[in-house]
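Engineer: need a structure here:
(2 chains)
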Amino acid sequence: MLQTEQIKIDQSKQGFSGFKIELWKYQGEMGALIPLLQSAQETYGYIPESAIEYISEIVGIPSADIYGVITFYSQFRLKPMGKNIIKVCDGTACHVNASTAIIKTIESELQISNNETTEDGLFTLQKVACLGCCSLSPVIMINDETYGRLTPKKVQQLLNEYRENAAKE
Amino acid sequence: MKTIKVGLGTCGVSAGGEKTYEAIKNEIEKQNIQVILKETGCNGMCYREPLMEVIDEQNNSVVYGEVTPERAKRIMTEHVLNNKPIQEWIVQGSEPTQDNSFFEKQHRIVLRNCGIIDPNSIDEYIAAGGYQAIQKVLKEYTPEDVIDIITKSGLRGRGGGGFLTGLKWKFCRQAEGNQKYIICNADEGDPGAFMDRSTLESDPHSVLEGMMICAYAIGAQDGYIYCRAEYPKAVQRLKDSIRVALSRGFLGKNIFGSDFNFSIKIKEGAGAFVCGEETALIASIEGKRGMPRFRPPFPANKGLWGKPTNINNVETFANVAWIIMNGPEAFASMGTENSKGTKVFALAGKVARGGLAEVPMGITINEIVYDIGGGIKDNKKFKAVQMGGPSGGCIPASMGDLQIDYQQINKTGAIMGSGGLVVMDETTCMVEMAKFFLTFTQEESCGKCTFCRIGTKRMLEILERITDGHGKEGDIELLRDLADKIKNNTICGLGQTAPNPVLTTLKYFPEEYEAHIRDKKCPAHSCSALITYSIKADSCKGCTLCAKACPTGAITGDKKKAHEIDPAICVKCGKCFEVCKFGAVIKN
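Structural biologist: Residues are numbered from 1 along each chain as shown, chains lettered A, B, ... in the order given. Next up, the predicted model:
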């Protein structure tokens, strides 16, 4: 069992680049492990091994237990992600409205399967349970943008738009 | 001066609401129009998004639907500048429209401000009567009075369990200890339910006020909102609302001059369905793996950090202030004998008008599907509704006259759940549906109880082989046996209800299972392993529509000559079948 009650942030151990600014927020806060992991992921796009070790040191929880928490929640990723994260909703409403065809279109268009990243690092595909936009099903989310009432054709267009924008940059 | 409101809940935004808002803003600047432009939440008519409301100087309101930036420009010129409303785009106004029936049977308590006020403005919430209830409670009622009022109202937990809210509060009030917590469960995990997201985005202060009243009644000083990380907009709204409420002194110390202190923190979930279960949610807030534990002790006695804790969901809290202001009798006058008040349903699936509808308990399924939902899309046949998400079940269309309340729904084998209502038509395969839900629960099982961890996996394997055309005699009996064992040998709601989708489809649609197993046929023509698409050469005119519609390029053929489908490339999406005007595409 994790002794989360005893988690206290040790400010003196700051030094890990990137998300040290965030640490003051968790000073003296109980149950800070998940927010810390979320903050690490926000900084790096995934949770690197070095971040696990660092967090382990400041919260005093063994890395193995932190790894257990990371793998329990679907939000956390241990591998770097593509530039654009595509979340395809396969919730009930989207499922009845043919989200399977949407998923298949993306898979064949990008040549990747669920939880994989394209070779050029542009896209990562994630199948998710429900984005809560059921009345606009089928729905996908690319990064923080939600797109509804999709058809395979529209998805192709959308992917092309993202590719073109990436090419411009 | 006229006021313009644009619906910018997640549903409005994903339908293009932000572009509409921008277009209106540009038009205001360009033509130097004197109006007030505001953002609002979702009024429930998600199927008509983006929505734009124009309120004129005499306070007459007109709501336009499906407002593209182009439409918005015309509305600005014709209606806002020249006072000539564009009738054909109006979905709600002084004249009756076909959309009026969407609202006729609704009674809005939880959604009272949704789509009306600007959720970013605490002043609009106050002007709509907000933060009156907490002041009344602090001035006039003892904590026991509040619990008494909530108990009398008959309000039951809207998260799915349906436990009497007043009673739950009482247990926590009576629990020993000075430090107590309350938690708002905003981890809306049921696929197909989105009322909590909408409420948090459209009227966040009503939830905060409900929590404050609860905290006063229980004797808690600290509250948490456990919100899904998949709802970034809701999380942002909550953060902003808490900050503003703090700056006004509505949260913090000595609230409204009383000796009541209360503060609220937000915890973002990290994506685990099981965290909707109380004890798992508590573990997750504590920073652990979200695994449920045995009850008793119940959270009311031993919850967060081992202290007495009360957990209610978003919709439950959103009812509280209304009950205080309008009295428990007003709430209890609606609904059926054992289910009082209203319930918000998230209507989605194959229904013509998807969105949020709040109706008195006791309304029938048919009233929701036909009168509010406008019937089935594309004139197809109504087959079933799925209620209660992965823990619920499918209720057949033949039971459409069933009155919706906790008891009646439980009798069917489904559950009320959080109120997701997914409508299915004749093209939905019930075996595939059961498989879909089991895939979900199997993935989301935390793994603590053997029967949930392994039993759901075995059930899923059986369903997979049935839908793949390899079903065997005896599979149905095996499913029933496993379902029974899972239900009786697991400790939390996830495991105990996981077999429900299978059991209800077995109960009401046994012939579909038999067709899959014995005849290797899917009666709904949905299971791709059991269907094939082909083109009848003598009916095909070579119009190329199907080839253009095909997402994978599986269809080849010259213009004006019969086309062919390559079964190796075909993903069986059915697009060719939909677009063919000559009935040449055959589904078998």
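Engineer: so who does residue B:434 touch?
Structural biologist: B:463, B:501, B:502, B:505, B:506 (C-beta atoms under 8 Å, 6 or more residues apart in numbering or on different chains). To be clear about C-beta, it is placed using only N, CA and C from the backbone, and glycine gets the same treatment.
Engineer: mind saving the C-alpha coords of whatever helix or strand it lives in as CSV?
Structural biologist: Taking DSSP states H and E as the criterion, residue B:434 maps to helix B:430-444. Backbone C-alpha positions of helix B:430-444 (Å, rounded to 0.1, in the frame of the first residue of the first chain) are rendered in CSV as follows:
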residue,chain,number,x,y,z
MET,B,430,-27.7,-6.8,-30.3
VAL,B,431,-24.9,-9.4,-30.0
GLU,B,432,-22.4,-7.0,-31.3
MET,B,433,-23.8,-4.4,-28.8
ALA,B,434,-23.3,-6.8,-25.9
LYS,B,435,-19.8,-7.5,-27.1
PHE,B,436,-19.1,-3.8,-27.4
PHE,B,437,-20.0,-3.2,-23.7
LEU,B,438,-18.1,-6.2,-22.5
THR,B,439,-15.0,-5.1,-24.4
PHE,B,440,-15.3,-1.9,-22.4
THR,B,441,-15.9,-3.4,-18.9
GLN,B,442,-13.2,-6.0,-19.6
GLU,B,443,-10.7,-3.3,-20.4
GLU,B,444,-11.8,-1.2,-17.4
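Engineer: hang on, the earlier thing: of all the contacts of residue B:434, which two lie farthest apart?
Structural biologist: Pairwise distances across these (C-beta to C-beta) peak at 10.8 Å, for the pair B:463 and B:506.
Engineer: who touches both of these two?
Structural biologist: B:434, B:479.
Engineer: okay, the two: which has more neighbours?
Structural biologist: Set side by side, residue B:463 and residue B:506 show more neighbours around residue B:463, with 27 against 21, by other C-beta atoms under 10 Å in any protein chain shown.
Engineer: enumerate the residues of the stretch 351-500 of chain B near chain A.
Structural biologist: Proximity of the stretch 351-500 of chain B to chain A is confined to B:354-355, B:386, B:389, B:420, B:422, B:424, B:428, B:433, B:436-437, B:440, B:444, B:446 under the rule C-beta under 8 Å from any C-beta of the partner chain.
Engineer: ok, these vs chain A, which is closest?
Structural biologist: Within those, proximity to chain A (C-beta to the nearest C-beta) peaks at residue B:354, which comes in at 3.2 Å.
Engineer: contact partners for the most centrally placed residue in chain A?
Structural biologist: In chain A, the residue lying closest to the centroid (C-alpha atoms, centre = their mean) is residue A:75, at 5.1 Å. By C-beta under 8 Å, 6+ apart, the contact set of residue A:75 is A:38, A:41, B:229, B:269, B:270, B:271.
Engineer: SS state for the first one?
Structural biologist: Yep, that's residue A:38 we're talking about. helix (DSSP: H, G, I helix; E, B strand; the rest coil).
Engineer: with adjacent residues omitted, what lies nearest to it?
Structural biologist: residue B:268 (6.4 Å; C-beta to C-beta, 6 or more residues apart in numbering or on different chains).
Engineer: so that neighbour makes contact with residue B:234?
Structural biologist: No. Here residue B:268 does not reach residue B:234: they are 10.2 Å apart, not a contact under C-beta atoms under 8 Å.
Engineer: more crowded one of those two?
Structural biologist: Shown here are residue B:268 and residue B:234; by other C-beta under 10 Å, residue B:234 has more neighbours (29 against 20).
Engineer: does the helix or strand where that one lies reach chain A?
Structural biologist: Assigned by DSSP H and E, residue B:234 belongs to helix B:232-247. Yes. Applying C-beta under 8 Å from any C-beta, one finds helix B:232-247 touching chain A at residue B:232.
Engineer: same check on stretch B:13-32?
Structural biologist: Yes. Using C-beta under 8 Å from any C-beta, we find that stretch B:13-32 touches chain A at B:13, B:14, B:15.
Engineer: can I get these in a markdown table including distance to residue B:162 and pLDDT?
Structural biologist: Formatted as a markdown table, the residues of stretch B:13-32 next to chain A follow (distance: C-beta to C-beta, whole Å; pLDDT from 0 to 100):
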| residue | distance to residue B:162 | pLDDT |
| --- | --- | --- |
| B:13 | 32 | 88 |
| B:14 | 31 | 83 |
| B:15 | 33 | 85 |
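Engineer: neighbour-wise, give me the winner out of these.
Structural biologist: Once you tally neighbours by other C-beta under 10 Å, residue B:15 ends up highest among those, having 28 neighbours.
Engineer: residues near the closest residue to it other than its chain neighbours, how many?
Structural biologist: Nearest non-adjacent residue to residue B:15, counting by C-beta to C-beta, 6+ apart: residue B:49, 3.7 Å away. The number of residues packed near residue B:49 is 29, by other C-beta under 10 Å.
Engineer: could you single out the nearest of the residues of the stretch 351-500 of chain B next to chain A to residue B:544?
Structural biologist: For these, the nearest to residue B:544 is residue B:428 (30.2 Å; C-beta to C-beta).
Engineer: check the burial of the closest one by counting its neighbours.
Structural biologist: Neighbour tally, residue B:428, other C-beta under 10 Å: 22.
Engineer: show me where pLDDT drops low in chain A?
Structural biologist: Applying pLDDT under 70 to chain A flags the ranges A:1-29.
Engineer: show me what the lengthiest strand in chain B is packed against.
Structural biologist: Using DSSP state E, we find that the single longest strand of chain B is strand B:342-349. When contacts are defined as 3 or more C-beta pairs under 8 Å, 6 or more residues apart in numbering or on different chains; DSSP states H and E, strand B:342-349 sits against helix A:92-96, helix B:195-202, strand B:355-360, strand B:420-425.
Engineer: residue B:124: which of these is closest?
Structural biologist: For residue B:124, the closest of the helices and strands packed on strand B:342-349 is helix B:195-202, at 11.4 Å, according to C-beta to C-beta.
Engineer: if you count neighbours, what's buried in stretch B:59-76?
Structural biologist: For stretch B:59-76, burial by neighbour count (16 or more other C-beta atoms under 10 Å in any protein chain shown) applies to B:62, B:63, B:64, B:65, B:66, B:67, B:69, B:71, B:72, B:73, B:75, B:76.
Engineer: closest one of these to residue A:155?
Structural biologist: Of all these, residue B:66 has the smallest distance to residue A:155: 21.1 Å, by C-beta to C-beta.
Engineer: hang on, that closest one in a helix?
Structural biologist: No. Assessed with three-state DSSP, residue B:66 is coil; it does not lie in a helix.
Engineer: contacts for the strand or helix carrying residue B:137, please.
Structural biologist: According to DSSP H and E, residue B:137 maps onto helix B:132-140. Residues from elsewhere that reach helix B:132-140, judged by C-beta under 8 Å, 6+ apart: B:146, B:209, B:212-213, B:216-217, B:250, B:255-256, B:258, B:260, B:320-322, B:324-325.
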